[in-house]
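> below are the sequence and a predicted model; questions follow.
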Amino acid sequence: MKLILLALVLTRLTAQATAAEPKPLFDGKTFDGWDGDTAKTWTIEDGAIVGGSLDTTVPRNEFLCTKATYGDFELKAKFKLIGDKAKANAGIQFRTKRIPNHHEVSGYQADVGQAYWGALYDESRRNKVLAQPDPKRLTEIVKYDDWNEYTIRCEGPRIRLWLNGTLTVDFTETDEKIERSGIIGLQIHGGAKARAFYKDIQIEELKSNQNP
C-alpha cells in the first residue's frame with residue numbers, strides 16, 4: 001500500500017514538474033509576437049485585441065496569429081463578440097498553420113458565435129464541426145455581448161474545450177496525419193457587421209509525456 005501511495009505521489013510531482021508556468025501571449029499594448037493585418041483589421045483597445053467593424057461588413061475571414069508554434073498546452077483567453085447575432089462569428093485557432101499566399105489558415109478552432117459556441121471546428125481542412133455541445137446548454141453558458149472565457153487543452157490526440165468553466169468538447173483525434181502542433185490564431189469571420197475582442201491570453205505549455 002505504501003509503495004502504491006509513493007508511486008502516486010511521484011507521478012503527480014512528475015506531472016507538475018513537466019508543466020511550464022503560464023505565460024501571457026499578449027502584453028495588452030503591442031502586437032509583439034503576433035502577425036496579421038494590423039493596418040485595416042486588427043487594433044488594440046483598452047488592453048484587448050479587436051478585429052472587425054460595426055459600420056461595414058467584414059469582407060473576409062481575417063486571423064491574427066502568433067509567430068511561435070505550440071504543441072501540447074493549456075490556453076486561456078477572454079473574448080467578446082458583438083454585432084449581428086445571426087451572422088457574427090469568430091474563434092480561436094490552435095494547432096494551426098497559415099495557408100501560403102492566402103488570408104486563410106488551416107487547423108482546429110474553438111468556435112464563437114451563432115450556433116457554434118463551444119464547438120470544435122476544423123478550419124479550411126475538413127471544413128466541419130468535429131464536436132459540439134447540446135445547443136440547449138448554450139443558453140445557460142454563453143454571455144452574449146459580454147466577456148466569455150475559453151480554456152483550450154491539448155494533450156496528444158485529445159482536445160478539450162471549456163466555455164465559461166463548462167466542458168463543451170472532449171474530442172480525440174483519430175487521424176494520425178493531423179499535425180499536433182501549430183500557431184495560435186484569433187479570428188474575425190467575414191460576412192457580418194461584427195467586432196471580436198480578445199484579452200488576458202495566456203498559455204501553459206505541457207510536455208508530451210503527460211497522460212491526457
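That came in fine, so what should we check first?
> distance of the residue nearest in space to the middle of the chain from T57?
For the chain, the residue sitting closest to the mean C-alpha position, by Cα atoms, centre = their mean, is I92 at 3.2 Å. According to Cβ to Cβ, to the nearest Å, I92 and T57 sit 22 Å apart. For glycine as for every other residue, the C-beta is placed from the backbone atoms N, C-alpha and C.
> picking up where we left off before, wouldn't the residue nearest to the centre of the chain be in contact with Q109 here?
Yes. Under the criterion of Cβ atoms under 8 Å, I92 lies in contact with Q109, with a separation of 6.7 Å.
> name the residues contacting each of those two.
Residues touching both I92 and Q109 (Cβ atoms under 8 Å, 6 or more residues apart in numbering): Q187.
> contact partners for the residue nearest to the centre of the chain?
75, 77, 79, 109-110, 112, 150, 152, 184-187, 198.
> try 10 Å this time
75, 77, 79, 108-112, 150, 152, 161, 184-187, 196, 198, 201 (Cβ atoms under 10 Å, 6 or more residues apart in numbering).
> confidence score at it?
With respect to pLDDT, I92 has a value of 98.
> so it is in which element?
Assigned by DSSP states H and E, I92 belongs to strand 90-98.
> need the CA coordinates for that strand. CSV is fine.
These are the backbone C-alpha positions of strand 90-98, laid out as CSV (Å, rounded to 0.1, in the frame of the first residue of the first chain):
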residue,chain,number,x,y,z
ALA,A,90,-15.2,34.5,-34.5
GLY,A,91,-13.0,31.9,-32.8
ILE,A,92,-9.6,30.9,-31.5
GLN,A,93,-7.4,28.8,-33.8
PHE,A,94,-4.8,26.4,-32.5
ARG,A,95,-2.5,23.7,-33.9
THR,A,96,-2.9,25.7,-37.0
LYS,A,97,-0.8,26.9,-39.9
ARG,A,98,-1.2,29.7,-42.4
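> the host helix or strand of K80 vs strand 90-98, what angle?
Using DSSP H and E, the element containing K80 is strand 73-83. Here strand 73-83 points in a direction 130 degrees away from that of strand 90-98 (axes from the mean of the first three to the mean of the last three Cα atoms, to 10 degrees).
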